[in-house]
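**Student:** Build me a model:
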Amino acid sequence: MSRRGDIEREIRHNCEKIDDYRSEISDLQEKAEIIKEKERRIRKEVYEPTRSYDITHGDVFRGRLEREVEEYRAEICRRTAMGLGETGKLLSDIQSIIDRIYELIEELEHRNSELEAELCSLEDDY
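**Tutor:** Below is the predicted model:
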C-alpha cells in the first residue's frame, strides 16, 4: 500500500464520518425542537393554568372536597414541574451532545487538513 492511498482512504473515511455526524446533529436538533414545542404546550396549557387556579375562592362549598381538590391541584403542579425540570435537563443533555459532535467534526476537519497537506507534499516530491 502506498502512503498516498492510505491518506486518501483516511480522508474519505473522515468525510463519511463528518457527514454521519452532521446527519446525527440534524436528527437531534429536530427531536429537540419537537420536545421544546411539547414543553411549551404543557407549560402554557397545563402547568400555568393549573398552578394559577384557586379553588378556595368558592363561597358556596367549603369543606373536605375542596381541600382534596386543592391537594390534587398541588400534586399535579408538583409532578408537572418535576417533568418540566427533567425535560429541561434532557434538552440540555441533547445540546451537550450536539456540542461534542461539533467538536468531533472540527477534529476530523483538522485531521483532513493535515492529511491534505501531507498529500500535497507527496505530490511535490514527484
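
**Student:** would you list every one of the strands in the chain?
**Tutor:** Residue ranges of strands cannot be listed for the chain, since DSSP state E assigns none.

**Student:** where does it have low pLDDT?
**Tutor:** Under the criterion of pLDDT under 70, the regions of the chain flagged as low confidence span 1, 54-63, 124-126.

**Student:** biggest helix in it, by residue count?
**Tutor:** When the chain is scanned for its longest helix (criterion: DSSP state H), the result is helix 64-125.

**Student:** I'd like the distance from that helix to the chain centre, please.
**Tutor:** 4 Å (CA atoms, centre = their mean, to the nearest Å).

**Student:** center of this protein - which residue?
**Tutor:** Most central residue of the chain, judged by C-alpha distance to the mean C-alpha position with CA atoms, centre = their mean, is Ile94 at 2.5 Å.

**Student:** and that residue, what is it in contact with?
**Tutor:** By CB atoms under 8 Å, 6 or more residues apart in numbering, the residues touching Ile94 are 28, 31-32, 35. Backbone N, C-alpha and C define where each C-beta goes, glycine included.

**Student:** before we move on, what about Glu10?
**Tutor:** When contacts are taken as CB under 8 Å, 6+ apart, Glu10 is in contact with 111, 115.

**Student:** Fine, thanks again, bye for now.
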